[in-house]
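coords below, sequence missing:
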């Protein structure tokens, strides 16, 4: 039954049952190759090399590794004009932000400029995004300061701290490149959108709190990042607050926020927001120089050496006891930089209707950080604010990054002395203004409306960062996300199906209240693969479904009807392991102990293959496996009507008559 051509009388029409085929056997090597391809090469990157000569394959490979070789031959002068404008625009933002974020990382300010010169050139050759603007990021800078600061003080031992920063950046680059080369980008997917939103918002609050040191003109400040420690440090030094820096800082913060507000209201005036940080630096430097505010307690950047990036390969710290600190820091900041950069790149690519290769982006990020760590740079990624300015400025290709790097190069060669009088409070204002843009309360409200668990993940990351530390907040968010993933695997949904009136369609009775159930037949849908992690749950849940159905039938129909058949709809069961097969065997025994019959509907090819190899098909009988739920219900209904008391026919005889 289920394997022969037969006719079932139904309420609407006759229906033919078709055999559920067992897929032809495949060699293990072929199956393994297919599985690995689906896991690591879902985008089939080797498709472009098919049916090509050796020379064409070499060219295609070079274009794949260096995307600039692909789009450069099509580059036009009109593109160049747009990229020059965009590059100069983001350079005006990158220079003050680079200096600010370097100070946030407790590194020399000049490293912020170094990091905006070499890495963008590397990314322009290897990156697949047209819109991403490369540079230092606030969250990565804060993480580096927080994690390295626990092992080495940047003020007491600045040389060792600097060397650890280069080493951590090198490890971050190696991790990023390795993930891309070995196609392991799916690891980053464990950081969900809600996790990143909450973490970034919490980190933004922490970064803003850290800037109270500069805005209030404090010389000594806590190295902790949690809210309580920062507030204790601020209010315990009330007598050291300087009103001059506070007024200056609040004034520039107001101007920066006003510029952003104008740019949002008038998108064509985006350049006002982009140029505001550089104009603030220039104006602040003039005020300090003209008023001699440096002699009245206003802290300034001081001397910045001229010249391009010096080599730093010999500065790596690869010996104990600090090697593990640099390694751990590199792994954490590398993952965060990847998550932020790829998310930003994909969002702009979707907006402009083109595709970026996530694994190729990882390789590009890794190589630019490896190159940067060897040339006195620290962690770089693709910050959203700078990339948004790049897009608004009309960039066409990654040449805008090259133009920005050239502008920074000119600054390093000739203009660094002009930053001597730049007040630190202006840099603090620039950081606060940039971080306030990461506070998106609308996203939190949206998460609450759509998915309460995602909201909890977001708030877990947010509160963990604020009240504990950046590492703790990240750990909480990842822990909650992984726990949720495990719950999805270990507790798959099961639902009872009913018939949509006037059709042969069966859907969940919870979703479609008008769907009708068939007396004596329980139809259950399993919505996930059956693996060792969920077999015990599924066995117990199926048993409970049967208990509840029998109780319902007794309550509604008395002794006139009882449960006879249990149909498992396995359409959504994409895979099964040996534990799952054993579970099905136990369910079959449990069903038969109750005097019922187990029926399967639409098991997939992989499931059928394993059921066949384990001889479960022989155990349940090929005649009890159907192509659709409708066919299974039709067969069960036929036997229910044929085998009614008084007709003198048993189930076995009925089945023989049907075949």
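That came in fine, so what should we check first? It should be emphasised that the depicted structure is a prediction, and the values quoted were computed from it without experimental measurement. Numbering: from 1, shown residues only.

need the helices for the stretch 151-300 of the chain, in chain order.
Assigned by DSSP state H, counting those that start in this stretch, the helices in the stretch 151-300 of the chain fall at 158-181, 193-210, 212-215, 227-235, 243-265, 270-291.

Indicate which one of those is closest to residue 126.
Set against residue 126 and scored by CB to CB, these come closest in helix 158-181, at 10.0 Å. (C-beta placed from N, C-alpha, C; glycine too.)

Go through that closest one and flag the buried ones.
The neighbour-count criterion (16 or more other CB atoms under 10 Å) identifies 160-177, 179-180 as the buried residues of helix 158-181.

Now do residue 347: how many residues are near it, please.
Residue 347 has 14 neighbouring residues, counting by other CB atoms under 10 Å.

Look at it and report its pLDDT.
The pLDDT attached to residue 347 in the predicted structure is 84.

continuing past the helix or strand containing residue 580, what's the next helix or strand?
Under DSSP states H and E, the secondary-structure element containing residue 580 is helix 578-593. Using DSSP H and E, the helix or strand that follows helix 578-593 towards the C-terminus is strand 597-601.

quick one: strands adjacent to that next one?
Paired neighbours of strand 597-601 in the sheet (DSSP bridges): strand 565-569 (parallel), strand 625-626 (parallel).

now the helix holding residue 580 against strand 565-569, angle please.
160 degrees (axes from the mean of the first three to the mean of the last three CA atoms, to 10 degrees).

State the mean pLDDT of helix 578-593.
Taken as a whole, helix 578-593 has an average pLDDT of 95.

Of all the residues in it, which ones are buried?
Neighbour count says helix 578-593 has 580-581, 583-585, 587-588, 590-591 buried, by 16+ other CB under 10 Å.

go on, stretch 224-232?
224-227, 229-230.

ok, back up a step: dump the buried residues of helix 578-593 into CSV; add distance to residue 105 as well.
Written out in CSV, the entries for the buried residues of helix 578-593 read as follows (distance: CB to CB, whole Å):
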residue, distance to residue 105
580, 50
581, 54
583, 53
584, 56
585, 59
587, 58
588, 62
590, 61
591, 63
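
Looking at the residues you listed, which is nearest residue 406?
Closest to residue 406 out of those is residue 580 (59.8 Å), distances taken as CB to CB.

Now do the contacts for the closest one.
Residue 580 makes contacts with 529-532, 535, as judged by CB atoms under 8 Å, 6 or more residues apart in numbering.

Can you measure across stretch 313-327, start residue to end residue?
In stretch 313-327, first residue to last residue: 16 Å (CA to CA, to the nearest Å).

Measure how far it is from the centre of its chain, please.
What separates the centre of stretch 313-327 from the centre of its chain is 29 Å, taken as CA atoms, centre = their mean, to the nearest Å.

And that stretch, what's buried?
For stretch 313-327, the buried set under the neighbour-count rule, 16+ other CB under 10 Å, comprises 315-317, 322, 325-327.

The closest residue to residue 304 other than its chain neighbours: what secondary structure?
The spatial neighbour of residue 304 that comes closest, neighbours along the chain excluded (CB to CB, 6 or more residues apart in numbering), is residue 416 at 4.0 Å. Of the three states, residue 416 takes helix under DSSP: H, G, I helix; E, B strand; the rest coil.

what about residue 416, distance to residue 309?
Distance of residue 416 to residue 309, computed by CB to CB, to the nearest Å: 13 Å.
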